[in-house]
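> the following block contains a protein sequence and its predicted model.
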Amino acid sequence: MGEKKIVAFCCENSSYKAAEAVAVTESSVLDLVDIVRLPCSGKVEIGMVLKCLEKDHPGVLILSCPVDNCKYITGNVRAKKRVKMVKKALQNAGIDENRVHMDFISSVDTYKFITIVKEMNDRLLKDRPPAGHD
Amino acid sequence: MVKGFKNLLILGCGSCVTVCMTGGEKEVGILASTLRLANKKKGVSMEIIEDTIERQCDREFFDDVKDKIEQADAVLSMACGVGVQFCSEIFSGKIVLPALNTKFYGATEEQGVWTERCAGCGDCVLDKFGGVCPIARCSKSLLNGPCGGSQDGKCEVDPENIDCGWQIIYDRLKSLGLLSRLEENEPVKDWSSGRDGGPGKIVREDMLL
């Protein structure tokens, strides 16, 4: 089994659409991530994120709609609060909290999507072999 | 607290602590994942099992996890203080540890906010104070309040966060047209039904098997 990839929890109203556009233009970036499609980033739960790290995924991205532009009004705000709790749990466990990163992107932010994934991957590469390679 | 154990069972409770989002199935998963990550980082070998039962304050629900508890070196209970003690009592040879820090028994004021309402002290006086308890909601548990520390409806103990219980009592009785009740002096409470009487015990003869 290959090296595990970064898990990206993507809101289907924004970052998931950006990922679909990336698939057309620069699909190699998508080899670096396992995308989990969510109806809203507010669906992301603390346990889900921790479980990914427990299962040896190098990092987790939570990509929600831009601030003040959530389809469900406060879903991204909820997600942000949960990410804060995840980081607190990681601190308690002595794990680098930067293995979890949240960002806010719109459906047309393909460049930002690519940048976020690449930056996360580069950051994690310092400690691990490249993700997405056997 | 869990250092040195090789097999740890994290046991959640499906009742009050689940509703309060502190000790239910989800929180068991979060704690277990956090501990596993911490152990992995430190190179500690510890088998962590997760389970959640309906209630930890009723004997019969422990039957479902009896084997798991017996196999574990210790149980990390995510129930309230009652559940931790009851689990420890039922499995007398087992180390049972508290995962939570039980502070009080209260109501969900809004999602994510819980406040104390009842001190469970017996000889209830709620009928006299418009349904607002002066024991649990006044910081000084005054029966003939308010004290001089009540300012603008807030309590001097923590004006930012604590409403004056006696202001609430006054406002409630006023809205009910029952302010005259406050003209009566409330006699000293019989605390023998509360902490002074020792650990509480209630026996319903008609319910005994």
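Arrived safely, thanks for sending.
> contacts only, for residue A:13.
Contact analysis of residue A:13 by C-beta atoms under 8 Å, 6 or more residues apart in numbering or on different chains lists A:40, A:65, A:71, A:107. Using the backbone N, CA and C atoms, a C-beta is placed for each residue, glycine as well.
> near chain B, which residues of chain A show up?
Counting by C-beta under 8 Å from any C-beta of the partner chain, chain A comes close to chain B at A:45-47, A:50-51, A:53-54, A:89-90, A:92-95.
> emit the ChimeraX select command for whichever of those are buried.
Selection of buried members from those for ChimeraX, criterion 16 or more other C-beta atoms under 10 Å in any protein chain shown:
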select /A:45,46,47,50,51,53,54,89,90,93,95
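> let me have the residues of chain A next to chain B in a markdown table, adding pLDDT and secondary structure as columns.
Output for the residues of chain A next to chain B, formatted as a markdown table (pLDDT from 0 to 100; DSSP: H, G, I helix; E, B strand; the rest coil):
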| residue | pLDDT | secondary structure |
| --- | --- | --- |
| A:45 | 96 | coil |
| A:46 | 97 | helix |
| A:47 | 97 | helix |
| A:50 | 98 | helix |
| A:51 | 97 | helix |
| A:53 | 97 | helix |
| A:54 | 96 | helix |
| A:89 | 97 | helix |
| A:90 | 97 | helix |
| A:92 | 95 | helix |
| A:93 | 96 | helix |
| A:94 | 96 | coil |
| A:95 | 96 | coil |
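> farthest pair in the residues of chain A next to chain B?
The most widely separated members of the residues of chain A next to chain B are A:45 and A:94, with 22.2 Å between them, by C-beta to C-beta.
> can you list contacts of stretch B:115-124?
B:104-107, B:109, B:133, B:135-137, B:141, B:189-191, B:193-195, B:197, B:200.
> swap the cut-off to 7 Å and go again
B:104, B:105, B:106, B:107, B:109, B:133, B:135, B:136, B:189, B:190, B:193, B:194 (C-beta atoms under 7 Å, 6 or more residues apart in numbering or on different chains).
> lowest-confidence entry in those residues?
When those are sorted by pLDDT, the bottom entry is residue B:105 at 86.
> who's in contact with residue 90?
No chain was given, so I picked chain A. Counted by C-beta under 7 Å, 6+ apart, residue A:90 has contacts A:97, A:99, A:100.
> actually it's chain B I care about, not the one you picked
Here residue B:90 is in contact with B:59, B:62 (C-beta under 7 Å, 6+ apart).
> change it to 10 Å
With contact taken as C-beta atoms under 10 Å, 6 or more residues apart in numbering or on different chains, residue B:90 is in contact with B:56, B:59, B:62, B:63, B:66, B:69, B:96.
> picking up where we left off before, adding distance to residue B:28, secondary structure and neighbour count, write the contacts of residue A:90 out as JSON lines.
As requested, the contacts of residue A:90 are arranged in JSON lines below (distance: C-beta to C-beta, whole Å; DSSP: H, G, I helix; E, B strand; the rest coil; neighbours: other C-beta atoms under 10 Å in any protein chain shown):
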{"residue": "A:97", "distance to residue B:28": "22", "secondary structure": "helix", "neighbour count": "15"}
{"residue": "A:99", "distance to residue B:28": "22", "secondary structure": "helix", "neighbour count": "22"}
{"residue": "A:100", "distance to residue B:28": "20", "secondary structure": "strand", "neighbour count": "22"}
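> how many residues are close by residue 126?
Reading this off chain A. 6 (other C-beta atoms under 10 Å in any protein chain shown).
> other chain: chain B
Residue B:126: 14 neighbours (other C-beta under 10 Å).
> would you mind measuring from it to chain A?
Taking C-beta to the nearest C-beta, to the nearest Å as the measure, residue B:126 falls 36 Å from chain A.
> quick check: closest non-adjacent residue to that residue.
residue B:133 (5.8 Å; C-beta to C-beta, 6 or more residues apart in numbering or on different chains).
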